[in-house]
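build me a model from this:
(one chain, ligands or ions: 2)
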Amino acid sequence: MIEDKNPKRTPLSELGEFKLIEHLTNHFKIRHKSTVKGIGDDAAVLNYAKKQVVLSTDLLVEGVHFDLSYVPLKHLGYKAVMVNLSDVYAMNAMATQITVSIAVSNRFPLEALEELYAGISTAADLYNVDVIGGDTTSSTSGLIISITALGEVDEDDEVLRSGAKPNDLVVVSGDIGGAYMGLQILEREKEVFKVNPNNQPDLSMYTYIVERQLKPEARKDIVELLKKLEVKPTSMIDISDGLSSEVMHLCKQSNVGVDIYENKIPLDPQVISTCEEFNIDSTTVALNGGEDYELLMTISQEDYDKIKGNPNLTVIGYVTEPQRGMHLVTRAEEKIPIIAKGWNALKDLP
Ligand code: ADP
Ligand code: MG
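Residues are numbered from 1 along each chain as shown. Ligands and ions are numbered 1, 2, ... in the order given. Okay, here's the model as predicted:
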């Protein structure tokens, strides 16, 4: 929304494909022993010795997953990496490498891609991952980014979605609903900007939730914390689509039921106040908003003392026998069935 009046715009055609790749990737360093050969050959070479390899991939399409009218390219690069690392951490693994593939239209100058790669680079530095390859091609409309993340985990440490058992505790990291409310703020300001482009938005009241939307952090720290506390979750998933749909995935794959307590769901005060301002129910936002990239897990009751009082981990419910079903226990102690209303990538298709 803040526009530079005379930005430098170098057309991509001035460089050609090989120079462009070289320009965007020449500063990436290799940090991991498992990266034998990174960018520059026909394929990367990896060696994980005795570890299990975890691999996850995501595709982000302009107009479907992001809107460049309010998402700065640097943030987009950072977030695209986070989205993928989050899936690796959800396996209780450490991320080690990523590949980055992009398709760009001629609407994007070199400087735009430099911004995108600055965000990717920052993420790789902070999260200690090697950028080991990718692909670059043209697109007829808009920007497409595909990132693949690789990680490693000892065989005994790997956590799947399918291991939850009745009586386990349901635990969530951080707080949820912020990214969705941040998006509501950005969408509102975009409409204001359309009417009056001179109106610079004042987002100071919403910094936390806007940051949750634009610059989410994958919870590497939680995987490290669990290791330190000697807690191995019985099942785990990252919260990309909303709490209710992730709870349903864990229950379905583990063949269990669940009771989630409305009054235990961790919400930031800014989420609560912004929900009041928009007149939306904060529990609905926590259940159905997406993109928080927190970790949802189940742990054995025996591990409760190890996590008790930790500000990063909140117990929000219990795993039950499958025939009990999946329920939200409201503040009024009513039990209502949990249904998935989370973001669905295919919902708008004809
Ligand atoms: P090929 O023709 O074999 O696909 P490329 O010329 O596309 O090779 O890529 C050359 C090297 O640069 C490879 O190591 C590839 O993985 C890497 N690479 C290409 N595009 C990107 C990108 N957008 N980001 C990171 N690495 C890339
Ligand atoms: Mg290629």
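
quick check: which ranges of this protein have low pLDDT?
1-6, 341-350 (pLDDT under 70).

tell me where it has strands.
Using DSSP state E, the strands of the chain run over 35-37, 45-46, 52-61, 94-104, 130-138, 144-153, 169-173, 235-238, 257-261, 295-299, 313-320, 326-329, 335-337.

so which residues on the stretch 101-250 of the chain come close to ligand 1?
Ser101, Ile102, Val131, Gly133, Gly134, Asp135, Thr136 (Cβ under 6 Å from any ligand atom). The C-beta positions use only the backbone N, C-alpha and C, and glycine is treated the same way.

could you redo the last one with a cut-off of 5 Å?
By Cβ under 5 Å from any ligand atom, the residues of the stretch 101-250 of the chain that approach ligand 1 are Ile102, Gly133, Gly134, Asp135, Thr136.

and stretch 260-271, what's buried?
Ile260, Tyr261, Glu262, Ile265, Pro266, Leu267, Asp268, Gln270, Val271 (16 or more other Cβ atoms under 10 Å).

compute the number of surrounding residues for the residue nearest to the second one when sequence neighbours are not counted.
Meaning Tyr261. Distances taken as Cβ to Cβ, 6 or more residues apart in numbering place Val329 nearest to Tyr261, at 5.0 Å, with adjacent residues excluded. When neighbours are defined as other Cβ atoms under 10 Å, Val329 has 17 of them.

and what of Gly182?
Neighbours of Gly182 (other Cβ under 10 Å): 27.

these two touch, right, it and Ile209?
Yes. Shown here, Gly182 and Ile209 form a contact pair, counting by Cβ atoms under 8 Å, at 3.9 Å.

quick check: bridge partners of Val258?
Note on Val258: beta-bridge partners by DSSP bridges are Val319, Met326.

which residues touch it?
Val170, Val247, Leu250, Cys251, Gly317, Tyr318, Val319, Thr320, Met326, His327, Ile338 (Cβ atoms under 8 Å, 6 or more residues apart in numbering).

check contacts around the closest residue to the first one other than its chain neighbours.
By that I understand Val170. Nearest residue to Val170, sequence neighbours excluded (Cβ to Cβ, 6+ apart): Gly317, at 4.1 Å. Listed by Cβ under 8 Å, 6+ apart, the contact set of Gly317 reads Leu169, Val170, Val258, Asp259, Ile260, Tyr261, Lys264, Val329.

out of these, which two sit at the greatest distance?
Distance extremes for the contacts of Gly317: the farthest pair is Leu169 and Val329 at 14.4 Å, using Cβ to Cβ.

what about the residue of the stretch 151-300 of the chain found nearest ligand 1, neighbour count?
Proximity to ligand 1, evaluated over the stretch 151-300 of the chain using Cβ to the nearest ligand atom, is greatest for Gly151 at 18.2 Å. For Gly151, the count of nearby residues is 27 (other Cβ under 10 Å).

mind listing the residues bridging to Ile336?
Leu328.

most neighbours, which of the residues of the stretch 101-250 of the chain next to ligand 1?
These, ranked by neighbours (other Cβ under 10 Å): first place Ile102, 25 neighbours.

residue contacts, it?
Counted by Cβ under 8 Å, 6+ apart, Ile102 has contacts Leu113, Leu116, Gly134, Asp135, Thr136, Thr137, Leu143, Ile144, Ile145, Ser146.

ok, so of these, who is nearest ligand 1?
Gly134 (3.1 Å).

so who does the closest residue to the closest one other than its chain neighbours touch?
Spatial nearest neighbour of Gly134, chain neighbours left out: Val100 (4.0 Å); criterion: Cβ to Cβ, 6+ apart. Contacts for Val100 (Cβ under 8 Å, 6+ apart) come out as Ala80, Ile120, Val131, Gly133, Gly134, Ile145, Ser146, Ile147.

could you do Glu187 as well?
Tyr70.

would you check which pair of the contacts of Val100 lies furthest apart?
Between any two of the contacts of Val100 (Cβ to Cβ), the greatest distance is 15.4 Å, for Ala80 and Gly133.

of all the contacts of Val258, which two lie farthest apart?
Across the contacts of Val258 (Cβ to Cβ), the longest gap, 14.2 Å, separates Leu250 and His327.

ok, these two, which is more surrounded?
More neighbours surround Leu250 than the other of Leu250 and His327, with 26 against 18 (other Cβ under 10 Å).

what sits against that one?
Arg161, Ala164, Ser235, Ile237, Val256, Val258, Leu296, Thr298.

who's in contact with stretch 194-214?
Under Cβ under 8 Å, 6+ apart, the answer for stretch 194-214 is 1-2, 71-72, 75, 79, 178-183, 185-186, 189, 192-193, 268, 270-271, 274, 291-292.

which of those residues fall in helices?
75, 79, 178-183, 185-186, 189, 192-193, 270-271, 274 (DSSP state H).

so for stretch 281-290, what gets flagged as buried?
Ser282, Thr283, Val285, Ala286, Leu287, Asn288, Gly289, Gly290.

oh, that last question was meant for stretch 319-326, not what I typed.
Quick answer for stretch 319-326 (16+ other Cβ under 10 Å): Val319, Thr320, Met326.
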